[in-house]
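Peer 1: would you be able to build a 3D model of this:
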Amino acid sequence: MAGRGPHMLLERACIGPVCGVDEAGRGPWAGPVSAAAVILHPRRAPKGLDDSKKLTAKMRETLEVEIKAKAVAWAVGFASVEEIAELNILHATGLAMRRAVEALSVAPVHALVDGNYRFRLPCEVKTVVGGDAKSKSIAAASILAKVARDRLMAEMDAAYPGYGFAAHKGYGAPRHAEALLALGPCEIHRMSWAPVKLAIEGRNPHLAAAIDDAVLD
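Peer 2: Now for the predicted structure:
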């Protein structure tokens, strides 16, 4: 059973309300990082939940509606480009997660967090490597975080035209690299990141070793 996709075994092993927590947007050259927290009802979890990277945009948007309708509680938090610069991306991710958990209408006793880093949250934390493929709650959180950030980056495309944010969501796509070289960075670019620094110097952003960080969330 555990190998056939996300389940609720980890949630059932916890006493008290348990939320799944996941993030989106650690790798992009621009835009905030987002996180979501979701408490699912064990008998009302939407069908089709999975790692958000395995779903199409349309599937994620459909599941977003179902998750919000059926979840016991859900919330999304962001950490801004300025906070990423001040704290670094790891701690900014933790900040976005904490904001999401604190915004839940039901206080969780436990949080199942995707990955192996134990962020400081206002409840007990259990890390789950590959959690969005193992836990339905984490999978639901990954979907909400991804859809919320994608929606925001589409809005940023209108505010900062020419970069193609609606298409690549701030990640290191060739079109993004070309726009950075032609236009220079805008207010939502992560100025301390190597690809952006290279573009400021008039050099190809794809020369940066940091391109390895631009893995789609």
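Peer 1: run a quick neighbour tally on residue 118.
Peer 2: 11 (other CB atoms under 10 Å). All C-beta spots, glycine's among them, are computed from the backbone N, C-alpha and C.
Peer 1: shift numbering so it begins at 6
Peer 2: Renumbered: residue one is now 6, and that last one reads residue 123.
Peer 1: tell me which element it falls in.
Peer 2: For residue 123, there is no host helix or strand (DSSP states H and E).
Peer 1: residues contacting residue 38?
Peer 2: Shown in contact with residue 38 (CB atoms under 8 Å, 6 or more residues apart in numbering): 28, 29, 30, 31, 83, 84, 89, 94, 97, 98, 101, 154.
Peer 1: now the residues you listed in a markdown table, with distance to residue 132, secondary structure and pLDDT?
Peer 2: Shown next, in a markdown table, are the contacts of residue 38 (distance: CB to CB, whole Å; DSSP: H, G, I helix; E, B strand; the rest coil; pLDDT from 0 to 100):
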| residue | distance to residue 132 | secondary structure | pLDDT |
| --- | --- | --- | --- |
| 28 | 13 | strand | 97 |
| 29 | 18 | strand | 97 |
| 30 | 19 | coil | 97 |
| 31 | 16 | coil | 96 |
| 83 | 22 | strand | 98 |
| 84 | 19 | strand | 98 |
| 89 | 22 | helix | 98 |
| 94 | 18 | helix | 97 |
| 97 | 18 | helix | 98 |
| 98 | 13 | helix | 98 |
| 101 | 16 | helix | 98 |
| 154 | 22 | helix | 98 |
